[in-house]
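**Q** Requesting a structural model of the entry that follows:
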Amino acid sequence: MDSAGLIPSLTDLVAVVKRIGDEVVLPHFTRVGYTRKADGSVLTEVDLQAQEALREALTNIADCPLLGEEMTAEEQMRQWEAGRDGLWCVDPVDGTSNFVSGIPYFAVSVAWMWRGKPLLGVIYAPAVKEMFSAQAGQGAWLNGKKLPLSAPASTLTEAIAGIDFKRLSLPLAAKLVGAPPYHSQRNLGSCALDWCYVASGQFDLYLHGGQYLWDYAAGCLILQEAGGTMSTLFSPDFWEGDVRRKSVVAASNDFLWKEWRAAIGEVGSQ
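**A** Sure thing, here's the model as predicted:
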């Protein structure tokens, strides 16, 4: 069976994500308590409220299983296995630590996946009113403007890199800190927005030691549709291996990705 004719409306998806970002998430910015999950990450009541609001709204667009960050691992696996021919993958508040700390880099992230890969991706940062969206084969946009918005760096030494050091191996982190091959580095605390900033041209490079499906599902499609290139630390094929958790080596174009991957070198696989 082909996915043609099955893909939900991107316009409808954008409207849902914007509404929930503006009406469910943003009113609680800096005004919500939190607890910590077993892995140490932050959880608020808004994460749960937004996930439920997304479940109700998205299943009205397309009646498919929904996999959300704030589910048990067992429930996530059940949804994944049931969603081969259509799956919503959501992160209701990506960047929750920023959200509770008053830092405006957080987003609602939603992808619609078919046979294991995203065909629609929407990431909305309500505090700054930035709506990133993409459809497979149709391009990517920020607030209706085609991505990328600016030209990438011409060489690796001029590039801005988004890097999450705490999830890298010690040898790789030490190598990059001791002899950075890029011009400058950022870590803003939202995986979803990191992908978008590479797609838009705000970052040139991206490196992350391990993301979950809901961290990358929408963002990787947005970058791909903006002309970017991505892989993992262990394979040039980003989709090889376990879909549930992946490292990321990405760049705004293929030329920079090749330079970036070469600069990381074999230490990246340790």
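**Q** residue ranges with poor pLDDT in the stretch 151-270 of the chain?
**A** 266-270 (pLDDT under 70).
**Q** how about the strands in it?
**A** 160-164, 184-186, 205-212, 229-231, 245-251 (DSSP state E, counting those that start in this stretch).
**Q** Tell me which of the ones you listed is the most buried.
**A** strand 245-251 (a mean of 24; mean count of other Cβ atoms under 10 Å). In short, each C-beta sits where N, CA and C put it, glycine included.
**Q** I'd guessed residue 195 sits against residue 251; true?
**A** No - assessed by Cβ atoms under 8 Å, residue 195 is found out of contact with residue 251, at 11.7 Å.
**Q** overlap in contacts of these two?
**A** residue 206 (Cβ atoms under 8 Å, 6 or more residues apart in numbering).
**Q** to the chain's geometric centre, what's the distance from the longest helix anywhere in the chain?
**A** Of all segments of type helix in the chain, defined using DSSP state H, the longest is helix 45-61. Mean C-alpha position of helix 45-61 versus that of the full chain (Cα atoms, centre = their mean, to the nearest Å) differs by 18 Å.
**Q** send the alpha carbons of that helix over as PDB?
**A** Presented in PDB, the C-alpha positions along helix 45-61 are these (Å, rounded to 0.1, in the frame of the first residue of the first chain):
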ATOM      1  CA  GLU A  45       1.400  18.900  34.600                       C
ATOM      2  CA  VAL A  46       1.400  20.900  31.300                       C
ATOM      3  CA  ASP A  47       3.300  18.100  29.600                       C
ATOM      4  CA  LEU A  48       0.500  15.800  30.400                       C
ATOM      5  CA  GLN A  49      -2.300  18.200  29.600                       C
ATOM      6  CA  ALA A  50      -0.700  19.100  26.200                       C
ATOM      7  CA  GLN A  51      -0.200  15.500  25.300                       C
ATOM      8  CA  GLU A  52      -3.800  14.700  26.100                       C
ATOM      9  CA  ALA A  53      -5.000  17.700  24.100                       C
ATOM     10  CA  LEU A  54      -2.800  16.600  21.200                       C
ATOM     11  CA  ARG A  55      -4.200  13.100  21.400                       C
ATOM     12  CA  GLU A  56      -7.800  14.300  21.200                       C
ATOM     13  CA  ALA A  57      -7.100  16.800  18.300                       C
ATOM     14  CA  LEU A  58      -4.800  14.700  16.200                       C
ATOM     15  CA  THR A  59      -6.900  11.600  16.200                       C
ATOM     16  CA  ASN A  60      -9.700  13.800  14.700                       C
ATOM     17  CA  ILE A  61      -7.400  14.700  11.900                       C
END
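**Q** list the helices and strands the helix or strand following that helix packs on?
**A** Counting by DSSP states H and E, the next helix or strand C-terminal to helix 45-61 is strand 66-68. With contacts taken as 3 or more Cβ pairs under 8 Å, 6 or more residues apart in numbering; DSSP states H and E, strand 66-68 sits against helix 45-61, helix 73-82, strand 87-94, helix 213-225.
**Q** Quick one: closest of those to residue 174.
**A** Among the helices and strands packed on strand 66-68, the nearest to residue 174 by Cβ to Cβ is helix 213-225 (24.4 Å).
**Q** what's the angle from that closest one to helix 73-82?
**A** Counting by axes from the mean of the first three to the mean of the last three Cα atoms, to 10 degrees, helix 213-225 lies at 40 degrees to helix 73-82.
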